[in-house]
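Participant: with the input below, show me the fold.
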Amino acid sequence: MARPFQYPLELRRRAVRMVAEVRPEYDTEWAAMKAVAAKLGIGTTETLRKWVRQDQIDAGTRPGTTTEESAELKRLKKENAELKRANDILKAAALDSTGECNSAG
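Facilitator: Model prediction:
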């Protein structure tokens, strides 16, 4: 189930760029994120922190699962569920009303 509100991709990219640009002006990365989040009207600093971390993962500067890998995993899980459902339907169709297999064998 998707969240009812998502920030536009361009806003997320802009926020991540801004954190990198203003970071030298602050004592900590968190302070820079807090300032950018407030300036852009992002609900919480934690939201922006997650965006920054994901950007670092996608860029290869931080270990973790990239956005592309996450999307592929999601696609494969969906495909697997569909195949399991199809398999269950085929198994059910192979049985007759007495519960015995219809196939000659």
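
Participant: and the helices in the protein?
Facilitator: Listed in chain order, the helices of the chain (DSSP state H) span residues 9-22, 29-40, 45-59, 67-94.

Participant: let me have those helices in JSON lines, extended by mean neighbour count and mean pLDDT.
Facilitator: C-betas here are computed from N, CA, C, even on glycine. Formatted as JSON lines, these follow (neighbours: other CB atoms under 10 Å; pLDDT from 0 to 100):
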{"stretch": "helix 9-22", "mean neighbour count": "15", "mean pLDDT": "96"}
{"stretch": "helix 29-40", "mean neighbour count": "17", "mean pLDDT": "97"}
{"stretch": "helix 45-59", "mean neighbour count": "16", "mean pLDDT": "96"}
{"stretch": "helix 67-94", "mean neighbour count": "10", "mean pLDDT": "94"}
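
Participant: in this structure, which residue is most central in space?
Facilitator: Central residue check for the chain by CA atoms, centre = their mean: the C-alpha nearest the mean position is that of residue 70, 5.8 Å away.

Participant: against residue 10, how distant is that residue?
Facilitator: Distance check for residue 70 against residue 10: by CB to CB, to the nearest Å, it reads 20 Å.

Participant: now what about stretch 53-72, what contacts it?
Facilitator: Contacts of stretch 53-72 with the rest of the structure, by CB atoms under 8 Å, 6 or more residues apart in numbering, involve 16, 73.

Participant: gap between it and the chain center?
Facilitator: For stretch 53-72, the gap between its own C-alpha mean and the chain's C-alpha mean amounts to 10 Å (CA atoms, centre = their mean, to the nearest Å).

Participant: straight-line length of it, end to end?
Facilitator: The stretch stretch 53-72 measures 19 Å between its terminal residues, going by CA to CA, to the nearest Å.

Participant: distance of residue 18 relative to residue 26?
Facilitator: In this view, residue 18 and residue 26 are 12 Å apart by CB to CB.

Participant: I meant residue 45, not that one.
Facilitator: Here the distance between residue 45 and residue 26 works out to 12 Å (CB to CB).

Participant: before we move on, what about residue 60?
Facilitator: When distances are taken as CB to CB, residue 60 and residue 26 turn out to be 25 Å apart.
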